[in-house]
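# sharing a model prediction with you, sequence too.
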Amino acid sequence: MTNTHAAAADGAEPPQGPPAPNHESGTGGAGGKTNPAEGRVPTTHPHPKTHRTPDGLDAHLVVNRTTFRLDIKLTAAPGDVVALLGPNGAGKTTALRALAGLVPLTAGHLRLDGAELDRTPPESRPVGVVFQDYLLFPHLTALDNIAFGPRCQGATKAASRAQAAEWLARMGLTEHATAKPRHLSGGQSQRVALARALATSPRLLLLDEPLAALDARTRLEVRAQLRRHLAEFEAVAVLVTHDPLDAMVLADRLVVIEDGRAVQEGTPSDIARHPRTDYIAQLVGLNLYKGHADGHTVRLDIGPAITTTEILSGPAFVAFPPSAVTLFRDPPTGSSARNHWRCEVAGLETHGDQIRADLTGELPLAADLTTVAAAELDLHPGAPVWATVKATQTHAYPA
Ligand SMILES: Nc1ncnc2c1ncn2[C@@H]1O[C@H](COP(=O)(O)OP(=O)(O)OP(=O)(O)O)[C@@H](O)[C@H]1O
């Protein structure tokens, strides 16, 4: 169901006639369909991941806007949780909306479990969507919000409500069954929205910034619950987020999107260890440089060389954390570090219980040091410093 149903929704009664596709609008629910082979709504009991089919998502999403082009390939097996991560304007939401059928594809394809989705109207696709602001039907109770999808799929009112009650119990919300959305907290609304999407037994679950509307404390709790529900979900889940922590905790695989393209893809730990763009390096808190390796030396594109422990040849990245940098006010004659560069403090800011110094000069970098060390070095914007890094603290890998 899409939010076009919202106007028709009344006490979990299905709308009269098929709702119009809601291209390009912020919509709320999940598309679902009856199982024609059985002539009834598929069971909505959560399945263990043992019932996987060899299908899943196979998408090539091409969307042309006036000033923007999205062109990404996305594949996922049932049971996979994929996070689309990227900076503002990268195209994450466009990708999610294209997957939901709310934005038409300019080119490419969209297949789910072997079926061409672009030939199915959005409201009939087996796709569940949890939007950032949940878009619960305000005049329906929590129970009827969840029952709405199964009801649209043809289940009787009693069966839909029974299923919804099960989902409420799974979400720990039984006592809020009769509450209207305005009486639910952010975390409770998020769980109702998730249950509403899951109650239609979607083969593709889409989550748009699922935790963004929550305060920090609720977020922690809901993130852990969502992780559990996603781990139990038997089909493909795709979530969009700005937040690297959400992506790393919730997803098995990350696809980093920048400027409409997938720039890096992999497991959270692989991406955290081997960032390939400045955006990812910043997200995971590493200094990252590109250059040309020859043995233990990587000659950087921006000038200086870095000595590493790895032996490589050809195009390479070198990364090291800000905590690996030691600063000196005088040239570090006694230091055993193989790498030292003459820099200048561009800025200082508090970073947890440390001071993060942004340095410019021979090598632009971020360095972390204690408040005491910053005071002893008399660091201030414009102060000249020497930055050193041991070869053992760097990590080089092929570009
Ligand atoms: N309806 C639209 N018409 C024209 N251009 C659009 C439309 N929606 C988005 N865009 C443009 O497409 C690009 C990608 O936007 P999109 O919202 O997909 O990015 P995003 O990665 O989700 O960003 P954010 O994290 O800020 O939500 C942006 O340049 C945006 O201005």
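Sure thing, it's come through. Numbering: from 1, shown residues only.
# only C-alpha atoms from now on, for both contacts and neighbour counts.
OK.
# where exactly do the helices run in the stretch 151-300 of the chain?
For the stretch 151-300 of the chain, helices defined by DSSP state H, counting those that start in this stretch occupy the ranges 157-170, 186-198, 216-232, 244-250, 268-273, 278-283.
# name the residues that touch the second one?
With Cα atoms under 8 Å, 6 or more residues apart in numbering as the contact definition, helix 186-198 has outside contacts at 29-30, 44, 128-130, 134-136, 142, 145-149, 164, 167-168, 171, 173, 181, 205, 210-211, 213-214, 218-219, 222.
# inside strands: which ones of those?
Judged by DSSP state E, the contacts of helix 186-198 include 128, 129, 130, 205 as members of strands.
# show me the contacts for residue 281.
272, 275, 287, 288.
# the ligand contacts on this protein?
65, 68, 86, 87, 88, 89, 90, 91, 92, 93, 94 (Cα under 6 Å from any ligand atom).
# now with 8 Å, please.
24, 65-70, 85-95, 240-242, 257-260 (Cα under 8 Å from any ligand atom).
# tell me the domain ranges of this structure?
3-17+27-273, 285-398 (automatic domain parsing).
# quick one: mean pLDDT for the longest one?
If I follow you right, that is domain 3-17+27-273. For domain 3-17+27-273, mean pLDDT is 83.
# with the shortest one instead?
The average pLDDT within domain 285-398 is 91.
# and it, how far out from the chain middle?
The chain centroid and the centroid of domain 285-398 are separated by 30 Å under Cα atoms, centre = their mean, to the nearest Å.
# would you mind measuring the gap between the ends of it?
20 Å (Cα to Cα, to the nearest Å).
# skip the chain neighbours and tell me the closest residue to residue 307.
Counting by Cα to Cα, 6 or more residues apart in numbering, the nearest residue to residue 307 once its immediate chain neighbours are dropped is residue 297, at 4.6 Å.
# contact partners for the one you found?
Per Cα under 8 Å, 6+ apart, neighbours of residue 297: 305, 306, 307, 308, 311.
# isn't there a strand covering the fourth one?
Yes - for residue 308, which was evaluated using DSSP: H, G, I helix; E, B strand; the rest coil, the result is membership in a strand.
# quick one: the closest residue to the ligand within the stretch 251-399 of the chain and residue 254, what's the gap?
For the stretch 251-399 of the chain and the ligand, the shortest gap (Cα to the nearest ligand atom) falls at residue 260, measuring 7.1 Å. Using Cα to Cα, one gets 15 Å for the distance from residue 260 to residue 254.
# just want to know which of those two has more residues nearby.
Between residue 260 and residue 254, counted using other Cα atoms under 10 Å, residue 254 has the larger neighbour count: 28 against 23.
# pull the number of nearby residues for the closest residue to the more buried one other than its chain neighbours.
Closest residue in space to residue 254, ignoring its immediate chain neighbours: residue 83 at 4.8 Å, by Cα to Cα, 6+ apart. A count of nearby residues for residue 83, using other Cα under 10 Å, gives 31.
# what's the answer for residue 352, then?
A count of nearby residues for residue 352, using other Cα under 10 Å, gives 7.
# backbone phi and psi for it, please?
phi 60, psi -130 (degrees, to the nearest 10).
# from here on, count from 99
Shifting the count to begin at 99 puts that one at residue 450.
# separation between it and residue 371?
To residue 371, residue 450 is 21 Å away according to Cα to Cα.
# can you name the two of the ones in strands among the contacts of helix 284-296 that are farthest apart?
Using Cα to Cα, the ones in strands among the contacts of helix 284-296 reach their maximum pairwise distance at 228 and 303, which is 7.9 Å.
# and residue 235, how far from the ligand?
Per Cα to the nearest ligand atom, to the nearest Å, residue 235 is found 23 Å from the ligand.
# pretty sure that residue sits against residue 279.
Yes - look at residue 235 against residue 279 with Cα atoms under 8 Å: they come within range, at 7.5 Å.
# ok, those two, which is more surrounded?
Higher neighbour count among residue 235 and residue 279: residue 235, with 25 against 22, using other Cα under 10 Å.
# list the buried residues in the helix or strand where residue 409 lies.
If you go by DSSP states H and E, residue 409 is part of strand 403-418. Residues of strand 403-418 classed as buried by neighbour count (16 or more other Cα atoms under 10 Å): 403, 404, 405, 406, 408, 410, 413, 414, 415, 416, 417, 418.
# what strands line up against that strand, and which way round?
strand 385-398 (antiparallel), strand 493-496 (antiparallel) (DSSP bridges).
# so which of these is nearest residue 207?
The nearest among those, by Cα to Cα, is strand 493-496 at 32.1 Å.
# list the contacts of that closest one.
Applying Cα under 8 Å, 6+ apart, the set of residues contacting strand 493-496 is 372, 406, 407, 408, 410, 412, 413, 414, 415, 416, 417, 418.
# can you name the two of these that sit furthest apart?
The distance between the two most remote of the contacts of strand 493-496 (Cα to Cα) is 19.2 Å, for 412 and 418.
# ok, now which ones touch the residue of the stretch 349-497 of the chain closest to the ligand?
Contacts for residue 358 (Cα under 8 Å, 6+ apart) come out as 166, 167, 168, 169, 170, 188, 189, 190.
# hmm, try it at 10 Å
By Cα atoms under 10 Å, 6 or more residues apart in numbering, the contact list for residue 358 reads 159-162, 166-170, 184, 187-190, 192-193.
# if we can go back for a sec, closest to residue 154 among the ones in strands among the contacts of helix 284-296?
residue 303 (11.4 Å).
# quick check: that closest one touching residue 333?
Yes - under the criterion of Cα atoms under 10 Å, residue 303 makes contact with residue 333 at 7.6 Å.
# okay, now residue 332: neighbour count?
Residues near residue 332, counting by other Cα under 10 Å, number 25.
# that one is in contact with residue 174, isn't it?
No - in this structure, residue 332 is not within contact of residue 174 by Cα under 10 Å, at 12.0 Å.
# mutual contacts of the two, please.
With Cα under 10 Å, 6+ apart, residue 332 and residue 174 have common neighbours residue 302.
# quick check: the residue of the stretch 199-348 of the chain nearest the ligand.
Counting by Cα to the nearest ligand atom, the stretch 199-348 of the chain gets nearest the ligand through residue 340, at 6.2 Å.
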